[in-house]
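Colleague: based on what follows, work out the 3D shape:
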Amino acid sequence: MKVLIKTLSVTILAGGLAACNGVNESQDKYDNDTRPIGYYSNEGDNRGDLDRGAGFISDMADRDVRDHASTYHEDYDGKLAERIAKQVNDIRGVDDAHVILEDNNVIVGVDTDESKKDQLTDKVRKITAHMAPNREVQVVADQNMFNRIENVDDDLRDGRAFTEVESDVRGISNDIVRAGNNLGDAIKRPFENNR
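Modeller: Got it, this is the predicted structure:
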C-alpha cells in the first residue's frame with residue numbers, strides 16, 4: 001500500500017511539473033499587453049512640485065509643502081512671510097508658526113505649549129512688528145485658529161493667488177478682532193465668514 005501511494009504521488013508531481021514546462025504567453029516576460037490604469041496629469045502649475053507623476057490622488061493628499069520648494073504666487077509677498085515665519089520658528093518654545101500677509105496686516109499663528117502662550121505671543125508680536133514696521137500684527141496661539149492659518153498659508157505656499165483664499169483670510173481676521181482676548185468665541189464659528 002505504501003509503495004502504491006508513493007508511486008501515485010510521484011506520478012502526480014511529475015505530471016504537474018511536465019505540464020508547467022511549456023512556454024506559453026503567460027510566461028513571456030517581454031509581453032507588454034497590459035495598459036496602465038489610473039489618471040495622471042502633466043498639467044503644469046506653479047506649485048514647484050518635485051514629486052509630480054505619483055498620481056493625482058497623491059498630489060491632492062500631499063499637503064506637506066516642506067518636501068518641495070515653496071512657490072508663492074507672484075502677487076503675494078511670500079519672501080516676507082517666510083522670513084517672519086523663520087524668525088518666529090527660531091524662538092524657543094515655538095513648535096511651529098505660519099504667517100499670512102493681508103493688506104497692512106500680518107497674522108501670525110503660533111503652535112506652542114498652553115502654559116507659554118501669553119509670554120510667547122508678546123515676544124512674537126515684537127519680533128514681527130520689527131520685521132514689518134508699517135503693518136498691524138495679530139498673533140494667535142489658539143490651536144484651532146492656528147490650524148486655519150496653517151491651511152491658508154499652505155494654500156498660498158502652493159502658489160494659489162491671494163484672491164482664492166481671501167474670504168478665508170477675512171474670516172480669520174474678523175474672528176480674531178471679534179474675539180479680542182477671548183479666542184473661544186472665535187472657535188465657535190470657524191467657517192462662518194468663509195463663504
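
Colleague: contacts and neighbour counts: CA atoms only from here.
Modeller: Fine.

Colleague: which elements pack onto the helix or strand harbouring Ala14?
Modeller: When elements are assigned from DSSP states H and E, Ala14 belongs to helix 2-19. Here helix 2-19 is seen to pack against no other helix or strand when contacts are counted using 3 or more CA pairs under 8 Å, 6 or more residues apart in numbering; DSSP states H and E.

Colleague: so for it, mean pLDDT?
Modeller: Throughout helix 2-19, pLDDT has a mean value of 77.

Colleague: please enumerate the helices of the chain.
Modeller: 2-19, 56-61, 78-89, 117-131, 143-157, 162-179, 183-187 (DSSP state H).

Colleague: deepest of the ones you listed, which one?
Modeller: Greatest average neighbour count among the helices of the chain goes to helix 143-157 (a mean of 20), per mean count of other CA atoms under 10 Å.

Colleague: render the CA-only coordinates of it in PDB, please.
Modeller: Provided in PDB are the C-alpha atoms of helix 143-157 (Å, rounded to 0.1, in the frame of the first residue of the first chain):
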ATOM      1  CA  GLN A 143      -4.800  75.600  18.200                       C
ATOM      2  CA  ASN A 144      -7.900  75.800  16.100                       C
ATOM      3  CA  MET A 145      -7.100  79.200  14.800                       C
ATOM      4  CA  PHE A 146      -3.500  78.100  14.200                       C
ATOM      5  CA  ASN A 147      -4.900  75.200  12.100                       C
ATOM      6  CA  ARG A 148      -7.000  77.600  10.000                       C
ATOM      7  CA  ILE A 149      -4.000  79.900   9.500                       C
ATOM      8  CA  GLU A 150      -1.800  76.900   8.600                       C
ATOM      9  CA  ASN A 151      -4.300  75.700   5.900                       C
ATOM     10  CA  VAL A 152      -4.400  79.200   4.300                       C
ATOM     11  CA  ASP A 153      -0.600  79.500   4.400                       C
ATOM     12  CA  ASP A 154      -0.200  76.100   2.800                       C
ATOM     13  CA  ASP A 155      -2.600  77.100   0.000                       C
ATOM     14  CA  LEU A 156      -0.500  80.300  -0.500                       C
ATOM     15  CA  ARG A 157       2.700  78.300  -0.500                       C
END
